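Asker: turn this into a model:
(one chain, ligands or ions: 1)
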Amino acid sequence: MIATIAWTGSAIRILDQTRLPEAEIYLDLDDLDGLCEAILNLRIRGAPAIGIAGIYGVALMALHAAEGSWQGAAADPERRFLQSAQRIREIRPTAVNLAWAVDRAVDCFTAARSRGASLKDAAAAVLTAARELHAADLDASRAMGKAGAVLLKQGSRVLTHCNTGGLATGGLGTALAVVFEAARRGKAPCVYVAETRPLLQGARLTAWELLREGIEATVVVDGARAWLMANEGLDLVLVGADRIAANGDTANKIGTLGGAVAAARYGVDFYVVAPFSTFDLNLPSGAEIPVEQRSADEVRCLGGKYVTPKTAPVWNPAFDVTPAELIKGWITEHGILQPPFDGGLRQL
Ligand code: MRU
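Answerer: Below is the predicted model of the structure:
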């Protein structure tokens with residue numbers, strides 16, 4: 001387990017993922033600007049982790065409203081609370097976990113206020129909701145790990161993309177939770193880690209997480225995946241998700257679709273591992289999923305140096321959408337599902 005995110009009593013403590021793997025630096029975020037900067041710049045990242053950061057963030061805003069401890073004056077604390085929550089909600093548009101968690105926190109606050117709770121008691125209620133959501137995410141990771149581990153045989157060769165481990169969640173993982181559980185059962189999985197350009201979440205974060213657990217990990221450039229399947233053979237592809245539409249179309253880190261197309265061509269089973277908080281059943285298909293576009297310099301620069309002409313035009317979508325037909329199953333905390341997803345998801 002990784003201490004990805006925690007509540008200190010007055011701040012949100014995160015492990016700064018932009019500094020990994022060179023340094024393990026923790027940051028205490030105690031104001032709105034700092035939190036928004038951290039989420040926007042991927043100091044904390046991964047759909048479930050930014051959901052948890054979002055709900056702790058709303059708890060922090062509720063605390064500021066109760067204690068009057070904003071940066072600058074706030075004539076109407078309740079209004080400023082709602083505006084701050086809205087700002088957090090919109091920082092990253094693709095991962096539905098963020099909006100879902102913020103909405104949950106705001107509903108909790110307004111319900112407490114409409115019952116006549118003081119600002120202080122309403123803030124305490126939001127903090128309790130945040131702690132519960134964090135704990136539920138850890139439980140979901142354990143359950144996904146168990147549900148998926150049965151798919152791996154002894155020495156299975158698994159390809160993964162981006163980072164879906166403890167860093168991307170409340171501390172345990174989604175796709176990597178399956179790998180961790182298989183390793184715990186003595187299946188000795190071998191994981192091929194796609195480096196995940198432009199920000200290298202695979203090379204920097206997934207390789208770090210697997211190696212610290214003593215799991216065999218081999219980094220490949222994204223462009224090597226099809227050739228890897230053609231030459232070395234693979235047993236399974238396991239990826240996470242940022243938003244899953246009602247028909248199963250799945251948004252995940254850019255490059256996931258390319259891996260799924262190659263897996264279909266070479267007959268490799270392709271699974272998505274995600275908690276229910278990543279499903280958005282309000283969207284009928286992936287065509288409605290908003291895809292975050294990020295800055296050109298993320299592509300132009302590598303290791304702080306330009307690798308393109310400084311003004312090279314760039315197209316930098318942070319995610320792509322894999323059509324459901326390329327996905328063999330959705331591994332969730334309630335087992336391996338197929339669309340149309342049943343009423344169990346709607347109850348959440
Ligand atoms: O831009 P990022 O690093 O936040 O993107 C993260 C991913 O795409 C992950 O694969 C996804 O959130 C699943 S995390 C368990």
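
Asker: which intervals of the stretch 51-200 of the chain have sub-threshold pLDDT?
Answerer: 71-74 (pLDDT under 70).

Asker: could you list the contact residues of it toward the ligand?
Answerer: Proximity of the stretch 51-200 of the chain to the ligand, by CB under 6 Å from any ligand atom, involves residues 95, 162, 164, 168-169, 174. Heads up, the C-betas are built off the backbone N, CA and C, glycines and all.

Asker: again with the stretch 201-348 of the chain
Answerer: With CB under 6 Å from any ligand atom as the criterion, the stretch 201-348 of the chain meets the ligand at residues 201, 240-242, 252-253, 318.

Asker: okay, and which of the residues you listed map to strands?
Answerer: Residues of these located in strands (DSSP state E): 252-253.

Asker: possible to save the residues of the stretch 201-348 of the chain next to the ligand as TSV with distance to Tyr192 and pLDDT?
Answerer: Shown next, in TSV, are these (distance: CB to CB, whole Å; pLDDT from 0 to 100):
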residue	distance to Tyr192	pLDDT
Gln201	15	98
Gly240	16	98
Ala241	19	98
Asp242	21	98
Asn252	17	98
Lys253	15	98
Ala318	22	98
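
Asker: what's the closest of the residues of the stretch 201-348 of the chain next to the ligand to Ala183?
Answerer: The closest of these to Ala183 turns out to be Gly240 (CB to CB; 17.7 Å).

Asker: that closest one contacts Gly148, doesn't it?
Answerer: No: counting by CB atoms under 8 Å, Gly240 sits too far from Gly148 to count as a contact (11.6 Å).

Asker: contacting residues for the spatially closest residue to Glu216 that is not a sequence neighbour?
Answerer: Distances taken as CB to CB, 6 or more residues apart in numbering put Cys190 closest to Glu216, at 4.5 Å, once the chain neighbours are dropped. Residues in contact with Cys190 (CB atoms under 8 Å, 6 or more residues apart in numbering) are 155-158, 216, 218.

Asker: spatially nearest residue to the residue in the stretch 201-348 of the chain that the ligand sits nearest to (excluding sequence neighbours)?
Answerer: Nearest to the ligand, among the residues of the stretch 201-348 of the chain, is Gly240, at 2.6 Å (CB to the nearest ligand atom). Closest residue in space to Gly240, ignoring its immediate chain neighbours: Thr164 at 3.6 Å, by CB to CB, 6+ apart.

Asker: I'd say the one you found and Arg45 touch.
Answerer: No: using CB under 8 Å, Thr164 makes no contact with Arg45, being 11.0 Å away.

Asker: of these two, which one has the most company?
Answerer: Thr164 (35 against 27; other CB atoms under 10 Å).

Asker: wait, what's in contact with that one?
Answerer: Thr164 neighbours (CB under 8 Å, 6+ apart): 46, 173-177, 206, 238-240, 273.

Asker: got the phi and psi for it?
Answerer: phi -130, psi 30 (degrees, to the nearest 10).

Asker: what do you get for Val321?
Answerer: Dihedral angles (degrees, to the nearest 10) for Val321: phi -120, psi 120.
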